[in-house]
Structure formats: structure tokens, C-alpha cells
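Engineer: can't give you the sequence, but here's the structure:
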């Protein structure tokens with residue numbers, strides 16, 4: 001009796017410790033994901049290392065993915081640029097040089113390709129707050145606390161006579177790219193516009209408060225200022241008509257125009273960016289961060305807004321839907337300056353720690369992991385080797401094949417509208433099948449992308465296609481409520497699966513090829529036994545339209561998801577519900593199992609992709625994957641990469657650490 005009691009207590013303690021360990025894993029994976037998105041990669045790595053050592057059996061694709069992500073996005077160069085704080089950075093128009101200036105009164109010129117110091121320009125008697133390269137003519141201009149504009153000829157870096165520009169310290173410079181003039185502003189509340197070729201002031205504007213930052217729209221028609229006041233002022237040029245915008249609760253610190261001139265982005269000590277639509281004269285959603293910003297800048301193509309300040313992080317947003325991108329961490333203290341290069345290849349940052357960091361604006365690992373399409377991507381399919389990915393670019397009606405190693409498109413075929421909506425790659429790798437909104441099923445040679453056969457599969461759109469595991473059969477789901485089977489070599493000898501259904505959106509073959517599942521608008525899953533073919537078993541549990549269905553690699557589970565944000569995992573042997581997963585904020589449009597069956601990925605209309613640890617039956621990570629709807633998902637055959645496609649025209653390749 002005593003031994004039995006001791007054994008029971010022991011096993012209860014073991015089970016309790018195991019449960020605590022599992023819950024800690026889930027919590028730490030979510031914290032690590034948040035740390036990565038917030039730019040705190042060291043913190044994320046600490047959380048991951050704990051479980052890599054203590055819970056290696058729980059570490060699945062989610063852990064390996066975070067491990068890979070936290071090793072990316074380091075600066076290309078860290079330049080020990082100045083002996084004191086750095087106030088300003090600027091790229092030359094040809095992206096060859098980077099200028100930096102700071103409290104040590106020096107202006108340094110760096111070679112962008114190598115990160116080496118080219119020259120140190122002297123002559124300033126006090127701190128230099130701003131530098132700018134002229135878009136026309138060989139000029140570098142610096143504004144200092146001694147009220148002067150200092151000019152160097154970039155052909156030989158020789159100085160030119162200084163301009164007595166202001167009555168007190170110059171704090172900011174901005175260039176009109178189209179017109180070629182320079183705007184200077186500072187503590188004397190004045191904005192001066194200069195023709196650098198003649199060294200003459202062409203216009204002067206009066207502000208109400210000392211100015212910290214001046215910005216010029218690309219067309220040169222507007223100037224905006226921020227400074228010792230919550231208001232941001234926008235001047236029309238040359239009329240000098242002024243508009244005061246009260247957008248912050250504390251002093252404004254920085255301001256920037258989007259490249260198209262439609263959006264004004266001011267930042268303030270209250271820790272937010274208050275976006276303003278200049279055309280409609282109305283606010284856009286605010287971007288709130290707890291730490292005050294000191295500087296912000298748009299990328300040249302307008303796709304990214306970067307902001308930085310007191311917390312030492314570079315915060316970034318995708319401007320298509322104002323979704324955050326992972327922050328960049330390279331500075332130990334406050335960041336005072338940011339600049340994108342003219343072509344958008346580089347991002348420079350500088351701050352209180354005396355460092356200048358030079359970043360690839362789109363890191364190579366990130367570039368190769370983002371396959372850009374003109375418009376919506378509705379379907380993705382891996383080649384059997386995992387070296388290529390096929391995508392159906394529905395709105396431009398293109399079938400594209402990508403090299404997943406380089407992220408480059410290797411070949412494509414473009415047809416008339418409605419040709420490409422869904423795509424599947426055969427297990428042998430020699431054929432690709434596509435379905436179109438025109439109801440046509442098409443078979444392609446995967447190497448040459450030449451058509452092999454086509455057939456009118458039905459009067460309505462084909463929403464999904466799938467290959468049987470042995471490659472002999474193609475299944476197609478149609479909006480007219482039919483599932484048809486076709487010969488995988490010729491698209492001949494069609495068979496229609498028995499039963500009456502509403503419009504069908506998704507299909508999946510079981511791994512053994514003996515069963516076929518379909519889902520659609522009538523909320524019930526259909527599960528056919530293919531040998532012999534009988535009317536389907538119906539799985540009831542969803543309360544709304546089902547958009548996606550997938551078998552686990554071992555065939556024991558079937559996952560389905562609906563537009564009311566529920567994922568159901570079914571026991572396929574019993575045709576009963578096993579468990580549910582909930583947590584998405586919008587309808588779920590795709591699910592995919594990892595090849596080891598340990599992780600389920602789900603894609604939602606809110607642009608997120610969630611990873612679920614199936615042993616723990618809990619969400620372990622949310623990826624803000626797309627600025628539009630996340631439409632499709634697929635794991636690579638080796639389980640090291642998850643591809644997600646979206647309405648924003650991007651396919652993201654989420655690569656795990658091997």
C-alpha cells in the first residue's frame with residue numbers, strides 16, 4: 001500500500017511538472033515572438049535557449065523559425081563614427097557616400113560599399129546638427145550651432161565659403177529633389193530656402209516656435225516643421241499660406257512627407273506618430289509606441305516608414321496597411337538620425353552612443369524570403385525537392401515558378417484573365433495542374449511551362465486542385481458543388497464524386513490516397529472512401545462556411561477552418577471531432593500541417609499567420625505576415641520553410657533554423 005501511494009504521488013508530481021513545463025514553453029514562445037517583433041533579439045534568444053536546453057522534445061517548427069528570425073537583421077556595418085553624440089546622417093544621391101555629423105564638430109564621409117572612412121571634414125566651430133547632399137551639383141552642406149551653412153565640393157572635398165544663414169543654431173536641413181534648393185531651419189524660428197548654385201536665399205518663412213525638424217515634399221510645394229510646440233505647421237510654397245495641425249499632446253519632434261506627398265507623418269514626445277491625410281485634410285490611424293520618437297523617414301518608394309528615438313530601436317511599418325515590421329536594434333542609447341539612400345537599398349541610423357549603423361533596408365535574407373507579385377496571390381505549391389515554388393497570381397493571370405534559394409522568378413506564363421486561380425505540383429515533380437475562374441483545368445510541363453492538356457471541368461470556377469499521392473489522379477473542386485477526378489497524365493476519363501453539395505472551396509487527399517476530403521459553403525465536410533467510391537461521410541461541427549481542409553501527414557487528423565475563426569481537428573478513424581483551436585481575429589482561409597505533424601499553420605483575412613503546437617494544442621506564435629488578407633499556406637517538403645501568400649501580392653518564405 002505504501003509503495004503504491006509513493007508511486008502515485010511520484011507520477012502525479014511528474015505529470016504536474018510536465019504540465020508546468022509545457023505551459024512555460026507556450027508562454028515563452030509567445031514572449032520570444034513579441035521580443036523579435038519589438039527588435040529585442042537578445043531577449044528572444046535567451047527565451048529560446050532555455051527551452052533548447054530544458055525542453056528539446058517540445059521544440060518544433062515554431063522554435064526553429066524563431067531561432068532563424070532572431071539571427072537576422074544585424075547592421076551591415078557598425079561605424080564608431082564620432083567621439084560624441086551623432087546628430088545627422090545623409091547619403092549622396094549616387095549612394096556611394098554616407099555623411100555623418102555630430103557634437104564633436106566633425107563631418108565624416110564613409111564609403112557605403114566597404115564601411116571605411118573616406119575623409120574627415122573640419123572647420124565647424126561648434127556642434128554640427130544637420131548634413132545634406134545637394135541633388136544637383138557637387139555640394140555637401142552642413143548646418144551648425146554657429147548659425148552657418150558650411151559647404152564642401154564633393155569632387156575633392158574642398159571647402160567653400162560659409163553662409164551666415166540664421167540668427168541662432170541651425171537644427172535641420174531638407175532638400176527639394178525636384179527644384180534643387182535647400183531648406184534650413186533652426187532655433188531662430190526661421191525657414192530659409194537657398195539656391196546653392198548662386199548661394200542666395202530665394203525665400204524666407206516665419207514659424208511661431210524654435211524648429212527641431214524641417215521637411216520638404218518631393219515636388220517642393222510644401223514645407224513642414226516640428227519643434228518646441230505640439231503643433232506641426234505646413235507651408236505652401238511659394239504662397240506662404242500656412243496650416244497649423246495640433247496632432248500631439250507634447251512637443252512635436254520630427255516630421256516627414258510620404259514620397260507621393262499625400263501623407264504627413266509627425267512624431268512627438270508623447271510617443272506616437274499621428275498620420276495626416278493632406279488631400280482629405282483628416283487624420284489616419286495613429287502609430288503608438290511607448291518611447292518618444294526623435295526622427296522618422298519614409299523609404300523612397302513609400303512602402304516603409306521608419307521611426308526612432310529614446311528606446312534605441314528603429315521601428316518600421318509597412319505603409320500598405322500600417323502594419324508593424326520587426327524593429328531593428330543596433331544602438332545602446334537614443335537614436336537621433338535616420339536616412340534612406342536614394343534607391344532605398346540602405347538605411348543609416350546614428351545616435352547618442354556615437355555610432356553610425358548602416359543597414360540593408362531589405363536584408364538579403366529578408367529579400368530572398370519575400371516573393372513580390374503585382375497583385376493578389378491565391379495559391380502556392382512546392383516542388384517535391386523544395387527548390388522551387390509555383391504561385392497562382394490570380395489578378396494578373398500568371399503562373400510563376402520561383403527559385404526558393406534566391407527568391408528570384410525563374411519562369412512564368414501569362415494567359416487571358418481568369419486562367420490561374422489555384423495550382424498544385426505533382427509528387428513526381430514533372431507536372432503542374434492549374435484551375436481557373438473560367439472553369440478550365442490545365443496540365444503543364446513543370447520544366448518548360450508548356451501546356452500538355454486542358455479540359456472544361458465545369459461551368460463555374462475551379463476553386464481548388466489537388467494531386468493524389470501517387471500522381472495518377474487530379475481532383476478539382478468547383479463552385480457548382482461538384483468534385484471531379486481526372487487522369488493525371490491526360491486529364492481524361494473524368495469521374496464525379498457522388499453526393500449533392502453546395503459550392504466547394506477546398507480539397508485534400510489523405511496521405512495513403514484512399515480518402516478524399518472536401519469543404520465548402522454548406523458547413524459540412526465531405527469525406528469519401530475512394531475504394532470503392534461511396535456517398536461521402538459528412539462531418540458536422542462548423543457553424544459557418546468552411547474555407548480550408550488538410551490531412552495530417554500520418555492521416556490521423558483532418559483540419560478544417562471556417563469564417564467564424566474556428567479550427568476543428570477531426571479524428572479520421574472515428575469521423576469525430578478531436579479538439580478545437582481558436583484565437584484568430586478574422587476568418588481563416590488556409591491551414592497546413594508541418595511534415596512532422598507537430599505544428600499546424602493557419603492563415604487569416606486579418607493578414608496574420610498563426611502557428612499551433614499540436615501536442616500542446618495551443619497557439620505558440622503569431623506572424624504579421626501580410627498587409628492584406630493571408631490567402632494560402634504550404635510547408636516545404638523538408639519542413640524547414642513555410643510559404644504564405646496574400647492579397648498584398650507577397651509570398652513570404654518563413655525559414656526555420658535547421
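Structural biologist: Perfect, thanks for sending it. Treat the numbers as computed from the prediction; the structure is a model and nothing was measured.

Engineer: before we move on, which element is residue 259 in?
Structural biologist: Of the helices and strands defined by DSSP states H and E, none includes residue 259.

Engineer: How many residues are close by the closest residue to it other than its chain neighbours?
Structural biologist: Nearest residue to residue 259, sequence neighbours excluded (Cβ to Cβ, 6 or more residues apart in numbering): residue 302, at 4.4 Å. All C-beta atoms are positioned from the backbone trio N, CA, C, and that covers glycine. If you count neighbours by other Cβ atoms under 10 Å, residue 302 ends up with 18.

Engineer: give the contact list for residue 302.
Structural biologist: By Cβ atoms under 8 Å, 6 or more residues apart in numbering, the contact set of residue 302 is 258, 259, 260, 319.

Engineer: Now restrict those residues to buried residues only.
Structural biologist: 258, 259, 319 (16 or more other Cβ atoms under 10 Å).

Engineer: Now tabulate these in CSV and tack on pLDDT and distance to residue 283.
Structural biologist: As requested, the buried ones among the contacts of residue 302 are arranged in CSV below (pLDDT from 0 to 100; distance: Cβ to Cβ, whole Å):
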residue, pLDDT, distance to residue 283
258, 96, 15
259, 94, 20
319, 89, 15
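
Engineer: does residue 493 really touch residue 473, like I thought?
Structural biologist: No - look at residue 493 against residue 473 with Cβ atoms under 8 Å: they stay out of range, at 9.7 Å.

Engineer: Now do the shared contacts for those two.
Structural biologist: Common contacts of residue 493 and residue 473 (Cβ under 8 Å, 6+ apart): 486, 487.

Engineer: So which of these two has more stuff around it?
Structural biologist: Neighbour count, other Cβ under 10 Å: between residue 493 and residue 473, residue 473 has more, with 20 against 9.

Engineer: List the beta-bridge partners for that one.
Structural biologist: residue 487 (DSSP bridges).

Engineer: Over to residue 246?
Structural biologist: The partner list for residue 246 in beta bridges (DSSP bridges) reads residue 231.

Engineer: And residue 128, by the same measure?
Structural biologist: Beta bridges link residue 128 to residue 144, judged by DSSP bridges.

Engineer: try residue 98
Structural biologist: residue 91, residue 110.

Engineer: right, and it touches residue 90 too?
Structural biologist: Yes - between residue 98 and residue 90 there is a contact under Cβ under 8 Å: 7.3 Å.

Engineer: and for the two, which residues touch both?
Structural biologist: residue 339.

Engineer: Those two: who's more crowded?
Structural biologist: A direct count of neighbours by other Cβ under 10 Å for residue 98 and residue 90 places residue 98 higher, at 28 against 23.

Engineer: In the protein, where is pLDDT below threshold?
Structural biologist: Filtered on pLDDT under 70, the chain yields the residue ranges 1-2, 4-20, 71-74, 288-290, 363-368.

Engineer: how about the helices in it?
Structural biologist: For the chain, the helices defined by DSSP state H occupy 2-37, 41-54, 61-70, 364-367.

Engineer: Enumerate every residue touching residue 477.
Structural biologist: 462, 463, 464, 465, 483, 504, 505, 506, 507, 518, 520.

Engineer: which one among the buried ones among the contacts of residue 302 gets closest to residue 48?
Structural biologist: Distances from residue 48 to the buried ones among the contacts of residue 302, taken as Cβ to Cβ, are shortest for residue 319 (30.6 Å).

Engineer: Wait, the closest one touches residue 256, no?
Structural biologist: No - Residue 319 is beyond contact range of residue 256, at 11.5 Å (criterion: Cβ under 8 Å).

Engineer: hang on, the earlier thing: dump the contacts of residue 302 into JSON lines; add distance to residue 268 as well.
Structural biologist: Shown next, in JSON lines, are the contacts of residue 302 (distance: Cβ to Cβ, whole Å):
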{"residue": "258", "distance to residue 268": "18"}
{"residue": "259", "distance to residue 268": "22"}
{"residue": "260", "distance to residue 268": "23"}
{"residue": "319", "distance to residue 268": "19"}
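
Engineer: Overlap in contacts, residue 319 and residue 256.
Structural biologist: Residues touching both residue 319 and residue 256 comprise 298, 305, with contact defined as Cβ under 8 Å, 6+ apart.

Engineer: what about the closest residue to residue 408 other than its chain neighbours, how many residues close to it?
Structural biologist: Using Cβ to Cβ, 6+ apart and skipping the chain neighbours, the partner closest in space to residue 408 is residue 402 (6.9 Å). Counted with other Cβ under 10 Å, residues neighbouring residue 402 total 24.

Engineer: Could you pull up the residues touching residue 402?
Structural biologist: Residue 402 makes contact with 371, 388, 389, 390, 391, 408, 409, 410, 651 under the criterion Cβ under 8 Å, 6+ apart.

Engineer: same question, residue 449
Structural biologist: By Cβ under 8 Å, 6+ apart, the neighbours of residue 449 are 399, 401, 411, 412, 413, 432.

Engineer: Now do the strands in the stretch 351-500 of the chain.
Structural biologist: All strands of the stretch 351-500 of the chain, identified by DSSP state E, counting those that start in this stretch, fall at 356-360, 370-372, 377-382, 388-393, 398-403, 408-414, 422-425, 431-435, 440-445, 451-456, 462-467, 473-478, 483-487, 495-496.

Engineer: Redo these as CSV? Include distance to residue 102.
Structural biologist: Converted to CSV, those look like this (distance: least, Cβ to Cβ, whole Å):
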stretch, distance to residue 102
strand 356-360, 9
strand 370-372, 35
strand 377-382, 45
strand 388-393, 46
strand 398-403, 44
strand 408-414, 40
strand 422-425, 54
strand 431-435, 57
strand 440-445, 59
strand 451-456, 63
strand 462-467, 59
strand 473-478, 63
strand 483-487, 68
strand 495-496, 74
